[in-house]
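K.L.:
coordinates for the following, if possible.
(one chain, ligands or ions: 1)
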Amino acid sequence: MRVIRVATEADMGKEGAAIIADGMRMKPHFVLGLATGSTPVPVYKELIRLHKEEGLDFSTTLTFNLDGSIGLPPTHEQSYRCFMNTELFDSVNINKANTHVPDGLAEDIEGHCLTYEMMIEDVGGIDCQVLGIGRNGHIAFNEPGSSLASRTRALDLTQDTIDANSRFFDSIDEVPKRAITMGIGTILEAGSLLLFATGASKATAVKAALEGPVSVSCPASALQLHPDVTCIITEDAASGLTLNFRS
Ligand code: PGA
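P.N.:
Below is the predicted model of the structure:
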């Protein structure tokens, strides 16, 4: 595991986007796994800058988002489809038909989850997966207790995650309680993983993920099982780390 400690969120964005851009330049039809939430926004900002100022080409890029809330239509401003359009897709030359976000309004959720897995497989798997981490150690919406072999599925969100998401909604009643998420097993099949973390509220989860035992109590600890992981972490989120990592 490679750990890059950075001073600012902007530095994190630059480091992360540079890794993604290298992959995109090397492989046409690059398959990029994407995440929502506040953390990856500086990465998307830098990808947009690379597109506008340095001609980074998204025209053949394929994307798969990690998760989506059940019950929110794609037009809802807090839906993950809407988030991705606003934060990245609308500002680069990506073909939206090549972008995939789990559909929280699918009639047959279980069938949709299976199809999502098959679509990833059909394009040869995800080359690089962007990840954030929840303050409870979740990756995507794999909450503590999720099997490390889990696949894409629907699940109930924990109260901690609902509380964390409530900042985006007017009242707690509007916050989705269920979501579709790629499984930990699905995530571990990506060619490379890029974990981003910012803020002191993530320090405990980051320490458990990187230095604790591999355990379902901290789903992000499963990253220790993957051979190609880069963690880009601001100093406040990395403050609990004691081990020396390659950087
Ligand atoms: P955040 O969410 O980036 O908004 O902090 C990360 C996560 O919960 O995975």
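
K.L.:
give me the mean pLDDT for the lengthiest helix in the chain.
P.N.:
For the chain, the helix with the greatest residue count under DSSP state H is helix 9-26. Regarding helix 9-26, the rounded mean pLDDT is 98.

K.L.:
residues making contact with that helix?
P.N.:
4, 6, 30, 32, 40-47, 49-50, 56-58, 61, 127-128, 130, 192, 194, 196, 198, 230, 232-234 (Cβ atoms under 8 Å, 6 or more residues apart in numbering). For the C-beta atoms, the positions are set from N, CA and C on the backbone; glycine is no exception.

K.L.:
at 6 Å instead, please
P.N.:
4, 6, 30, 42-43, 45-47, 50, 56, 127-128, 194, 198, 232, 234 (Cβ atoms under 6 Å, 6 or more residues apart in numbering).

K.L.:
and what of stretch 58-66?
P.N.:
With Cβ under 6 Å, 6+ apart as the criterion, stretch 58-66 contacts 28-35, 80, 92-94, 98-101, 120, 123, 140, 182.

K.L.:
if we can go back for a sec, farthest pair within the contacts of helix 9-26?
P.N.:
Phe30 and Thr234 (26.3 Å; Cβ to Cβ).

K.L.:
who has more neighbours out of the two?
P.N.:
Neighbour count, other Cβ atoms under 10 Å: between Phe30 and Thr234, Thr234 has more, with 23 against 20.

K.L.:
show me what contacts Leu47?
P.N.:
Leu47 neighbours (Cβ under 6 Å, 6+ apart): Ala17.

K.L.:
sorry, slip of the keys, the one I care about is Cys82.
P.N.:
No contacts exist for Cys82 under Cβ under 6 Å, 6+ apart.

K.L.:
same check on Arg151?
P.N.:
Taking Cβ under 6 Å, 6+ apart as the criterion, Arg151 is in contact with Gly183, Gly185, Thr186.

K.L.:
for Ala140, same thing?
P.N.:
Leu66, Asp67, Thr181, Met182.

K.L.:
now do it against Ile184, distance only.
P.N.:
With distances taken as Cβ to Cβ, to the nearest Å, Ala140 is found 8 Å from Ile184.

K.L.:
cool, Tyr116 as well?
P.N.:
For Tyr116 relative to Ile184 (Cβ to Cβ), the value is 15 Å.

K.L.:
equivalent analysis for Thr198, please.
P.N.:
The gap separating Thr198 from Ile184 is 22 Å, by Cβ to Cβ.

K.L.:
which of the contacts of Arg151 tops the neighbour count?
P.N.:
That'd be Thr186 among the contacts of Arg151, by other Cβ under 10 Å, with 27 neighbours.

K.L.:
can you tell me the SS state at that one?
P.N.:
For Thr186, the assignment made with DSSP: H, G, I helix; E, B strand; the rest coil gives helix.

K.L.:
what comes up buried for stretch 88-101?
P.N.:
By neighbour count with 16 or more other Cβ atoms under 10 Å, stretch 88-101 contains the buried residues Leu88, Phe89, Ser91, Val92, Ile94, Asn98, Thr99, His100, Val101.

K.L.:
give me the phi and psi for the nearest residue to Asn142 once chain neighbours are set aside.
P.N.:
Among residues not flanking Asn142 along the chain, Pro219 sits closest, at 4.4 Å (Cβ to Cβ, 6 or more residues apart in numbering). Dihedral pair for Pro219: phi -50, psi -30, per degrees, to the nearest 10.

K.L.:
Gly33: what's it in contact with?
P.N.:
The contact partners of Gly33, taken as Cβ under 6 Å, 6+ apart, are Phe64, Ile126, Gln129, Val130, Ala190.
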